[in-house]
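# after the sequence you'll find the predicted model.
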Amino acid sequence: MANAREIGKARQRKSDTRPDRTLTRKIEGIDKKMQAALEKGDFVVAKELAEEQERLLEHLMLSKHSG
């Protein structure tokens, strides 16, 4: 049977990965939307999505280095 300390550590490790996973999913979603915009020829929307994706990527990279 696991003691409370082990359970607490497991929960902490699991919660530490969630923000990165959420950012990764958002980045992937933006990538799909950007691809659709490019296929439609909507370059303004594609550029805006690329800028948002760049911000999220930067945030993801900074969070990896600080952790």
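Done, it's in. Numbers count the residues shown, from 1 in each chain.
# what is the rounded mean pLDDT of whichever strand or helix holds residue 46?
Element membership for residue 46, per DSSP states H and E: helix 43-66. The average pLDDT within helix 43-66 is 92.
# check stretch 20-35 too.
94.
# need the contact partners of it.
45-46, 49-50, 52-53, 56-57, 59-60, 63-64 (C-beta atoms under 8 Å, 6 or more residues apart in numbering). All C-beta spots, glycine's among them, are computed from the backbone N, C-alpha and C.
# quick one: buried residues of that stretch?
By 16 or more other C-beta atoms under 10 Å, the buried positions in stretch 20-35 come out as 23, 27, 30, 33-34.
# those residues in helices, which ones?
Counting by DSSP state H, the buried residues of stretch 20-35 place 23, 27, 30, 33-34 in helices.
# rewinding a little: relative to residue 18, which of the contacts of stretch 20-35 is nearest.
Each of the contacts of stretch 20-35 was scored against residue 18 by C-beta to C-beta, and residue 63 proved nearest at 11.2 Å.
# format the CA atom coordinates belonging to stretch 43-53 as PDB.
The C-alpha atoms that make up stretch 43-53 are tabulated as PDB, following Å, rounded to 0.1, in the frame of the first residue of the first chain:
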ATOM      1  CA  PHE A  43      -3.400  34.900 -45.500                       C
ATOM      2  CA  VAL A  44      -4.400  37.500 -42.900                       C
ATOM      3  CA  VAL A  45      -5.900  34.900 -40.600                       C
ATOM      4  CA  ALA A  46      -3.000  32.500 -41.200                       C
ATOM      5  CA  LYS A  47      -0.600  35.300 -40.200                       C
ATOM      6  CA  GLU A  48      -2.500  36.100 -37.000                       C
ATOM      7  CA  LEU A  49      -2.600  32.400 -36.100                       C
ATOM      8  CA  ALA A  50       1.100  32.100 -36.800                       C
ATOM      9  CA  GLU A  51       1.800  35.000 -34.400                       C
ATOM     10  CA  GLU A  52      -0.400  33.400 -31.700                       C
ATOM     11  CA  GLN A  53       1.400  30.100 -32.200                       C
END
